[in-house]
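# okay, sequence plus prediction incoming.
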Amino acid sequence: MLKRVHFGPSALPYLLVLPQILVTVIFFIWPASQALYQSLLVEDAFGLSSKFVWFENFEYLFEDPYYWGSFQRTFVFSFLVASLSMGSALLLAVMADRVVKGSGLYRTFLIWPYAVAPAAAGALWFFMFNPTLGILPYVLQFIGYDWNHKVNGTEAMALVIFAASWKQIAYNFLFFLAGLQSIPKSLIEAAAIDGAGPGRRFWTIVFPLLSPTTFFLLVINVVYAFFETFGIVDAITSGGPANSTQILVYKVYNDGFVGLDLGGSAAQSVILMGIVIGLTVIQFRFVEKKVSYND
Amino acid sequence: MIENRPFLTFMAHTVLILGVIVVAFPLWLTFVAASHDAVRMSELPLPIWPGTHFFENLDVVLNKGLWGGDGVGVSYMLVNSMIMALMIAFGKISISLLSAFAIVYFRFPFRMGFFWMIFITLMLPVEVRILPTFEVVANLGMLDTYWGLTVPLIASATATFMFRQVFLTIPDELLEAARIDGAGPIRFFIDILIPMSRTNIAALFVILFIYGWNQYLWPLLVTTDQDMYTIVMQIGRMLEAGESVPQWHLVMMTTLLSVLPPVAVVVFMQRLFVQGLTETEK
Amino acid sequence: MASVKLDNIQKTYPNGFKAIHGVDVDVQDGEFLVLVGPSGCGKSTLLRMIAGLETVTGGELEIGDKVVNDLEPSKRDIAMVFQNYALYPHMTVYNNMAYGLKIMGLSKSEIDERVKNAAGILELTDEQLTRKPRELSGGQRQRVAMGRAIVRKPSVFLFDEPLSNLDAKLRVQMRVEIKRLQESLGITSIYVTHDQVEAMTLGHRLMVLNSGVVEQLGTPIELYERPASLFVAEFIGSPAMNILDTKISEDGESVDIATNIGLALGNGGLPDYAGKKVKLGVRPEHLQLAEGSENSLPLTVTLVEHLGADTLVHGHFGEDETDMTVRRSGTLKTVPGDKLPISITRENIHLFDAETSRRIDL
């Protein structure tokens, strides 16, 4: 972790880390500790006085069916986004790994959605599924389905999931393709000589060897679904209808900035921090084989 | 691949082409919508082939403003987005390069303490600390400034770790040779480390530019002054307004404008983009 | 030009590990000293201490009559050639050589003259000077690394295993070039290697290191002819010296090599070692074939290697099947299973104390 030879002692290293440490302390660590502190306070309706209430905010949260609903929704949402996005990305990556000609071209056409802002992705899908004018509701009408995600919570959730998965396919595709290409061709050839057909080879050789990539992507996708989909939800549904798409991150924002429930919002932030820490630990457990962090 | 099965290859191409179509369809519809006029865009069914009003719409959106033309287009928002994205990318890269240099090449008290402090930021995405961070920025008088838009986002453990990784792979002998050549820390940093990391820097720049450009929640919070709005924020605002005054051709033109710069970066700097993505995999 | 003086130089790492246990040596002006030993013996550490890349934790280091213990590497008037060349990958060959000179603050014309001059000595073409290191072959990179050292016009050259990344043929060629270069420039040089052939051919003197301790310091011939310890005896020479477990006779007059086979020591023998165990060393090239001689060892041949100019015969003798290698010049017609009578002469043996491993002088 440190070079064998290093520069002698001086004030320079402190100056070098100073900018990053300043930003970290002022905009990360201080706010985070404020969130911790505020999560233990209750403020009156006018924001004039506050009272220290220990874990009351958390108790309220855990008793609040809306919060549990949001929790559940977030998990369902993350699970579905991860499976839909990873599943389709894996299929495309396997196919792209198979074709010799044009795989670079396919790659170019498949990875660009990564660059689309979540809010813009929301707009694209919102437009496509717009209940009054959208192309797809128009088509669905012919098979007798009346799409309206503005009143139907399940449809709203489905739409948010589509948009979120669509945006993440690019990332998953790239990593799956890289994972596939790093599998030694000799292994596949050996299996072919052993008489395994393409399907069998995939499930018995390729897929198991791909499991580190899959696990890594699973964590990344869950983090993505939890924290990076705010723009999508805000653009498509703003959490509605009737809170049916209010995932945790959206609720923190909504309760804090719209509802002005500082203590409650802070308590939710703290719980989210716990989730991120948990996910980060899992992720590092997984990568520590590759990177060692001891001095 | 191993055996030549034309059918499987054909299948593969079919699946890939279908995939490309499904992935590209939303953007295609956006482009189509942006090329028709308001009248066509309120008739069912909506068109799936481009119309002739593309440049007209472009002109309206960029220069004349949206709702009936109040004279203010979104071009300044594109400028704001560009400034924000560049500041975030440059800022993150600069402070991460410096701190990674300190951590890898110096032995000093509290070195590991600093390392862990930077590490912790990995666990604190802006979404989980929005309210208190907003308060800090407000107290510092940074609302409605470029600094407020960017500085709170530029501390990045990911970039620091990436540069640390890059520096660790640079052979120790290069530092030794440089010391024998008489180069001190700053010279070594500027003459050797930075040039040797330039593709990593470029790759990271691509990723961070996209990251910065696509910020939504944070600009939404810290800007109240319309002059500070970014193009991505504008999408959210227009979708809300679009309910009452359907101007889909203009809404989708704006969306298209917000999407094009980062997409162009990905498409034209694909190699760097892929490298950046895999290197920052934390 | 300068001499290098090491006075009880020691290195102890912060974790308490002692890498160098007090080294004394006076490297004369213009001398070529080789530090040799197995990996981990501390030879590179010692060189890096001289270069200023490792701190000296004990003793005094002088370069050109000046104590340099606390001087920065660049202030020590040295140049170093690294094992992996350590060329700056993003700079052209020219800039690699010029970089240190620019930092020194030399004028452009002075830099240009020095670089061109070094390139001439090393036979690097102008075209090669504009290339990046990765576009060069291993041997060319090696030349650039030497060029970077030459342009500094240092008082001392330091070489850290500079040839170990080259293939065998190139290594021999570059070895000759380094030797020629050092002789023509006359610059004091200290050279680290684990390869004893390199050490023997290059050095005016060799320092054999083992676990941070100097085993012996001397000319190649001294080391070959009078190894000071068992370690040096086994390290210098290829194939390695045969070492036999033997005993000095009760009267101290002879050494018992095998049952019934003794070798008179003469010169009054070793009365102090009478009846004690000693190690006896004899080089493969000093073993004689003794047709018909009575006092010979019957070697059972197990493997024969024909090198062309020489033949190596591996075999064993005696009840405990002691291994032995014989080297004869020319072709020796023998096959595994043969018995070869081998004789050892008194002039060619080396005796070592079985406990201290130090040489016993006759």
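Perfect, I can see it now.

# got a pLDDT number for the closest residue to residue C:344 other than its chain neighbours?
Once flanking residues are discounted, residue C:344 sits nearest to residue C:282: 5.5 Å by CB to CB, 6 or more residues apart in numbering or on different chains. No exception for glycine: its C-beta is placed from N, CA and C like everyone else's. For residue C:282, the pLDDT comes out at 93.

# swap in residue A:173?
93.

# for it, grab the count of nearby residues.
Other residues within reach of residue A:173, judged by other CB atoms under 10 Å in any protein chain shown, total 27.

# can I assume it is in contact with residue A:108?
No. In this structure, residue A:173 is not within contact of residue A:108 by CB atoms under 8 Å, at 11.4 Å.

# low-confidence stretches in the stretch 51-200 of chain C?
For the stretch 51-200 of chain C, no stretch has pLDDT under 70.

# gap between residue C:228 and chain B?
Distance, residue C:228 to chain B, using CB to the nearest CB, to the nearest Å: 33 Å.

# residues touching the nearest residue in space to that residue that is not next to it in sequence, list them.
Nearest non-adjacent residue to residue C:228, counting by CB to CB, 6+ apart: residue C:216, 4.0 Å away. Shown in contact with residue C:216 (CB atoms under 8 Å, 6 or more residues apart in numbering or on different chains): C:206, C:207, C:208, C:222, C:223, C:227, C:228, C:229, C:232.

# helix/strand/coil for residue C:298?
Following DSSP: H, G, I helix; E, B strand; the rest coil, we place residue C:298 in the strand state.

# residues contacting it?
C:317, C:339, C:340, C:341, C:342.

# list phi and psi for the residue of the stretch 201-350 of chain C found nearest chain A.
Closest to chain A within the stretch 201-350 of chain C is residue C:212: 17.7 Å, counting by CB to the nearest CB. Torsion angles at residue C:212 (phi, psi; degrees, to the nearest 10) stand at phi 80, psi 10.

# confidence score at it?
So residue C:212 comes in at 91 (pLDDT).

# quickly list what the residue nearest to residue C:344 is bridged to.
Note on residue C:282: beta-bridge partners residue C:242, judged by DSSP bridges.

# any idea how many residues pack against it?
Close neighbours of residue C:282, defined as other CB under 10 Å, add up to 21.

# so it makes contact with residue C:342?
No. Using CB under 8 Å, residue C:282 is not in contact with residue C:342; the gap is 9.6 Å.

# what does the stretch 51-200 of chain C put close to chain A?
Contact residues, the stretch 51-200 of chain C versus chain A (CB under 8 Å from any CB of the partner chain): C:53, C:54.

# can you pull out the strands in the stretch 51-200 of chain C?
Along the stretch 51-200 of chain C, the segments classed as strands by DSSP state E, counting those that start in this stretch run C:58-63, C:66-67, C:78-81, C:156-160, C:188-193.

# which strands border the fourth one, and is each parallel or antiparallel?
Partner strands for strand C:156-160, per DSSP bridges, with pairing direction: strand C:78-81 (parallel), strand C:188-193 (parallel).

# mean neighbour count added to those strands, as a markdown table?
Formatted as a markdown table, the strands paired with strand C:156-160 follow (neighbours: other CB atoms under 10 Å in any protein chain shown):
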| stretch | mean neighbour count |
| --- | --- |
| strand C:78-81 | 27 |
| strand C:188-193 | 26 |
